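Trainee: sharing a sequence plus its predicted fold:
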Amino acid sequence: MTTNSALKTTLPIQLSANDRHVILDNVLKALQKRFYSPEKLNEDWLATVERHRPLIEGSPTADAFEQAISDLLTELHTSHLGFFHGSARRASSRAALSATYLADDTPYGKRWIFQDVHSGGAASIAGIEPGNILLSVDGREITPPEHPVFVMGKQTSIEIVGNDEQRRTTSVDVARPKGKKLHFIQPTLVETRHMGGGLGYLKVAMFPGMVGVEVANAISRAVEELGAIESLMIDLRGNTGGGVGALRVMSLLTPEKIPVGFALDRRRITANLDSEKLTFPRFSRIPMSTKALWPLALKFAPAMLARKPIVLQSEGVGKKPFHGRVVLLVNRHTASAAEMIVAFARENKLATIIGEKTAGRLLSATSVKVGKDFRLALPTGAYCTWRGTILEGTPIVPDQIVEFDWHQARAGADAQLENAAKSLARRPTETAS
């Protein structure tokens with residue numbers, strides 16, 4: 001969670017001492033009831049709560065209160081956990097700009113350097129490129145470990161050092177109002193191109209939507225447009241996940257219907273899980289139209305109401321000429337549903353994985369009201385692969401590690417992509433390594 005000092009907004013509410021006490025109590029009750037890993041809520045956690053309590057309940061402002069509870073939650077060391085007010089109009093660069101970054105030493109000191117910049121997103125529209133060095137946001141210098149945060153619904157001024165070594169200031173439109181909600185400028189979800197020698201390239205920026213009909217259809221159309229390719233490079237770098245649309249990419253890797261995995265509340269883990277999972281209902285087809293979503297919801301409603309895990313299973317799309325000759329490109333920002341793809345490929349030996357270790361952030365989550373329009377976002381289930389691996393906190397190590405080199409990126413080179421192309425060129429057979 002980013003400190004409120006990085007923001008140029010304040011929460012429009014006043015909290016009494018009793019309000020602060022009640023909200024904290026509701027947060028703790030919600031964690032006890034729904035947090036995916038109850039073993040973390042042990043005596044050490046209770047001691048941590050009491051250590052933080054005076055600062056939380058004595059917070060002089062709503063902003064300070066929000067930050068104090070956020071600081072407490074970081075002690076649980078888990079992803080998909082946060083505390084925010086319903087009026088919040090702020091977002092990280094990952095969400096607001098469709099861009100990611102990493103910290104490193106530069107001629108300008110320790111700085112954030114853009115790593116992934118998705119086409120069609122706010123950063124890309126503003127002319128930001130991988131390798132650009134971030135200096136300031138709205139005239140305020142930002143240096144690691146403080147992360148840049150953007151106010152939604154307005155243009156934000158960003159000063160960067162371009163890859164031509166020139167400093168420049170550009171404006172990014174981080175969000176646009178739409179009715180009562182705000183939505184981000186969505187990047188180009190799917191990109192493809194031919195790379196020569198029968199090699200096709202498919203990039204997926206994210207998997208929006210719970211079921212992901214739109215992105216799944218876009219992926220299928222893109223692969224059809226590539227034609228009779230002999231090998232395929234799937235670029236998941238900077239893909240921070242989303243919904244079930246990721247199943248379409250998994251289905252491209254195999255002609256068969258293969259169980260992928262499921263989200264599981266650790267409170268339900270038993271010694272009989274290996275046999276119990278065979279009885280879980282299976283989701284194995286993303287519909288072609290959103291009109292089919294209601295029947296789908298009715299089909300799985302009983303399992304959802306019973307909080308019974310639903311197994312994802314590849315769709316069985318049939319044999320493809322590139323099967324056995326697939327590379328997945330990943331990096332430190334490949335997370336959530338995108339990591340499900342990587343884990344599925346690894347467990348079933350369906351692709352070679354090249355790039356950096358993934359994020360290790362793979363939980364199902366929700367948010368609950370805790371009072372005065374504050375909400376607690378919390379993970380409710382850990383993703384478990386079909387073979388029993390829980391990936392939260394465990395980044396996936398690629399078959400071939402190729403780190404992002406921002407110096408090379410500033411020169412226009414992409415070593416990860418180049419290594420992936422070479423790997424496929426060296427593999428004449430259908431057997432994935």
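Mentor: Nice, thanks for sending it over. Numbers count the residues shown, from 1 in each chain.
Trainee: D414 and G355, how far apart?
Mentor: 11 Å (Cβ to Cβ, to the nearest Å). Where you see a C-beta, it was placed from the backbone N, CA and C, and this is true even at glycine.
Trainee: residues touching R168, list them.
Mentor: Applying Cβ atoms under 8 Å, 6 or more residues apart in numbering to R168 gives the contacts 159-160, 162.
Trainee: which one of those residues sits closest to G127?
Mentor: The nearest member of the contacts of R168 to G127, counting by Cβ to Cβ, is G162 at 8.2 Å.
Trainee: separation between that closest one and I219?
Mentor: For G162, the distance to I219 equals 33 Å [Cβ to Cβ].
Trainee: kindly reformat the contacts of R168 as CSV containing distance to M288 and secondary structure.
Mentor: Below are the contacts of R168 laid out as CSV (distance: Cβ to Cβ, whole Å; DSSP: H, G, I helix; E, B strand; the rest coil):
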residue, distance to M288, secondary structure
E159, 45, strand
I160, 42, strand
G162, 43, coil
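Trainee: coming back round to it: the more surrounded of D414 and G355?
Mentor: Neighbours were counted for D414 and for G355 using other Cβ atoms under 10 Å; G355 has more, 28 against 18.
Trainee: residue contacts, the more buried one?
Mentor: 237, 329-331, 334, 398, 400-402, 404, 416.
Trainee: who touches the closest residue to it other than its chain neighbours in this structure?
Mentor: Of all residues not flanking G355 in the chain, V330 sits nearest, at 4.4 Å (Cβ to Cβ, 6 or more residues apart in numbering). Contacts for V330 (Cβ under 8 Å, 6+ apart) come out as 236-237, 338, 342, 353-356, 358, 396, 398.
Trainee: switch the cut-off to 6 Å
Mentor: 236, 342, 355, 358 (Cβ atoms under 6 Å, 6 or more residues apart in numbering).
Trainee: for the closest residue to S284 other than its chain neighbours, grab phi and psi.
Mentor: Distances taken as Cβ to Cβ, 6+ apart put Q313 closest to S284, at 3.9 Å, once the chain neighbours are dropped. Backbone torsions of Q313, given as degrees, to the nearest 10, read phi -140, psi 140.
Trainee: so where do the helices sit in the stretch 251-400 of the chain?
Mentor: 273-276, 293-305, 337-348 (DSSP state H, counting those that start in this stretch).
Trainee: coming back round to it: mind putting the contacts of G355 into a markdown table with distance to T366?
Mentor: Formatted as a markdown table, the contacts of G355 follow (distance: Cβ to Cβ, whole Å):
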| residue | distance to T366 |
| --- | --- |
| R237 | 28 |
| L329 | 31 |
| V330 | 27 |
| N331 | 27 |
| T334 | 23 |
| P398 | 31 |
| Q400 | 37 |
| I401 | 35 |
| V402 | 36 |
| F404 | 32 |
| Q416 | 34 |
